[in-house]
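Asks: return atomic coordinates for the entry below.
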Amino acid sequence: QLQLVESGGGLVQPGGSLRLSCAAAGSSFNMDDYTFAWFRQAPGGGREGVSSISASGRSTYYGDFVKGRFTISRDDAKNRVYLQMVDLKPEDTARYFCAAVYSSVRGLSRHEYDHWGQGTQVTVSS
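Replies: Sure, this is the predicted structure:
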């Protein structure tokens, strides 16, 4: 079973930056067999895809709302996936979740992922 633990959330002013981290752990798992993604969910809203990165790291996908502000990356040696966010806006306020699936590449549909973390809260407010 793959466990995912997110960190790095917090309160930031509009225009600020945060880097979220997702630590992956599990028995007999190989990081480079998994596609990872970040999703977010605002109060009263659905869970929407933010970004995904393929198992090789060569392919990345972003939600339209990202508009060049976020960058996903992975460090397989450290079993970590990151989401660098800049120029944050109040509408980015949400709980951010790390997700993974045993696959070479996947998009941004939540139904494609079967491993989930508990999330980390990001609040953008002045």
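
Asks: residue at max distance from the center of the protein?
Replies: Here the centre of the chain is the reference, and by CA atoms, centre = their mean the most remote residue is Ser126, at 23.9 Å.

Asks: surely it touches Leu11?
Replies: No - using CB atoms under 8 Å as the test, Ser126 is too far from Leu11 to be in contact (10.2 Å). Where C-beta positions appear, they are placed from N, C-alpha and C, glycine not excepted.

Asks: per-residue pLDDT, the residue farthest from the centre of the chain?
Replies: Looking at Ser126, its pLDDT is 95.

Asks: poorly predicted segments of the protein, please.
Replies: Per-residue confidence for the chain (pLDDT under 70) gives no ranges below the cut-off.

Asks: for the residue nearest the centre of the chain, name its beta-bridge partners.
Replies: Nearest to the geometric centre of the chain sits Trp38, at 2.2 Å (CA atoms, centre = their mean). Beta-bridge partners of Trp38, counted by DSSP bridges, are Ser51, Cys98.

Asks: so who does it touch?
Replies: 20, 22, 49-52, 72, 81, 83, 96-99 (CB atoms under 8 Å, 6 or more residues apart in numbering).

Asks: can you count the residues close to the nearest residue to Asp92 once chain neighbours are set aside?
Replies: With sequence-adjacent residues excluded and distances taken as CB to CB, 6 or more residues apart in numbering, Asp92 is closest to Val124, at 5.1 Å. By other CB atoms under 10 Å, 20 other residues sit near Val124.

Asks: contacting residues around Val124?
Replies: Val124 neighbours (CB under 8 Å, 6+ apart): Leu11, Val12, Gln13, Pro14, Gly16, Leu88, Lys89, Pro90, Glu91, Asp92, Thr93.

Asks: kindly report the same for Ser73.
Replies: Ser73 makes contact with Ile53, Gly57, Val81, Tyr82, Gln84, according to CB under 8 Å, 6+ apart.

Asks: just the buried subset of those, please.
Replies: Buried members of these, scored by 16 or more other CB atoms under 10 Å, are Ile53, Gly57, Val81, Tyr82.

Asks: in the sheet, who's paired with the nearest residue to the second one once chain neighbours are set aside?
Replies: Closest residue in space to Gly57, ignoring its immediate chain neighbours: Arg74 at 5.4 Å, by CB to CB, 6+ apart. In this structure, Arg74 has beta-bridge partners Val81, where bridges are defined by DSSP bridges.
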